[in-house]
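# here is a sequence together with a model predicted from it:
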Amino acid sequence: MAPFEALYEPGERVTFGPDLVTQAEEQVKFIHSLKRAQSRQKSYSDKMRRPLAFEEGDHVYLRVSPMKGVHRFGVKGKLAPRYVGPFKITERCGSVAYRLELPPHLAAVHDVFHKCLRVPEEVIDTSQIQIEPGLTYEEHPIKILDQKQRATRRRAINFYKVQWSNHSEEEATWEQEEFLQTKYPGFLPSTTNGVRHNSLKF
């Protein structure tokens, strides 16, 4: 008798027979179906992921906590950078954590972080932006890198991949043709009878 049955009451006696074997086989099939579905969903998700791994000696940026009222590394304000650093990786702790070499003024911060870091190439360098005395800066399109067209039920919409002043090609954005014509007239090549000439500045 099981301890549970001794404490409460005898449970239902299960007689070994064809019915029990059939139930066990159905349960095994159900478990295999769940595992196949889990594997299939994982394969779909892995297509959108990329391997994220760092080596000792690499320099990475740390993401600043976005939680309200939480200020880490002395970074405050809405316009503060989202990443601080770069910091050198000194040790790999397991498969998802790394130990970083932090400066003396961050001695109170635990030096082991999750692998949700960012390499320097993925963080925008704000030092290239020229700030005017009035704390403003001018930004305008300087080059078209690519173009594409998206068709809707009523019309076709043209998009242009634009490189902006004070930014590199990696920071180019896709903009609608209507926005560029309205905001920056003369930037796009002229059209004739609704057809745009292929004289884009690539």
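That came through fine. These numbers come from a predicted model, not from an experiment.
# poorly predicted segments of this structure, please.
Under the criterion pLDDT under 70, the flagged ranges of the chain are 1-3, 5-7, 9-16, 51, 64-81, 118-137, 190-202.
# make it 50
Across the chain, the ranges flagged by pLDDT under 50 are 67-71, 191-202.
# how about the helices in it?
3-7, 18-47, 177-183 (DSSP state H).
# how close does residue 161 get to residue 188?
Residue 161 is 13 Å from residue 188, where distance means C-beta to C-beta, to the nearest Å. The C-beta positions use only the backbone N, C-alpha and C, and glycine is treated the same way.
# what do these two both touch?
residue 144 (C-beta atoms under 8 Å, 6 or more residues apart in numbering).
# higher neighbour count, these two?
The residue with more neighbours, out of residue 161 and residue 188, is residue 188; 21 against 16, by other C-beta atoms under 10 Å.
# thinking again about what came up before, now the helices of the chain in CSV, with mean neighbour count?
Formatted as CSV, the helices of the chain follow (neighbours: other C-beta atoms under 10 Å):
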stretch, mean neighbour count
helix 3-7, 9
helix 18-47, 10
helix 177-183, 13
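# export those helices to TSV and tack on distance to residue 171?
What follows is the helices of the chain, written out as TSV (distance: least, C-beta to C-beta, whole Å):
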stretch	distance to residue 171
helix 3-7	64
helix 18-47	25
helix 177-183	17
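# tell me which of those helices lies nearest to residue 90.
helix 18-47 (30.0 Å; C-beta to C-beta).
# re the thing from before, just so I know, which of the helices of the chain lies nearest residue 155?
Residue 155 sits nearest to helix 177-183 of all those, at 10.7 Å, using C-beta to C-beta.
# list of residues touching the closest one?
141, 157, 158, 159, 160, 162, 187, 188.
# who's the fifth one bridged to?
Note on residue 160: beta-bridge partners residue 147, residue 175, judged by DSSP bridges.
# burial measure for it, as a count.
Going by other C-beta under 10 Å, the residues that sit close to residue 160 add up to 21.
# and it, how close does it get to residue 188?
As judged by C-beta to C-beta, residue 160 and residue 188 stand 7 Å apart.
# now swap in the second one and tell me
To residue 188, residue 157 is 14 Å away according to C-beta to C-beta.
# tell me the domain boundaries of this protein?
Domain assignment for the chain, taken from automatic domain parsing, gives 59-125, 141-196.
# nice, that's everything, thank you.
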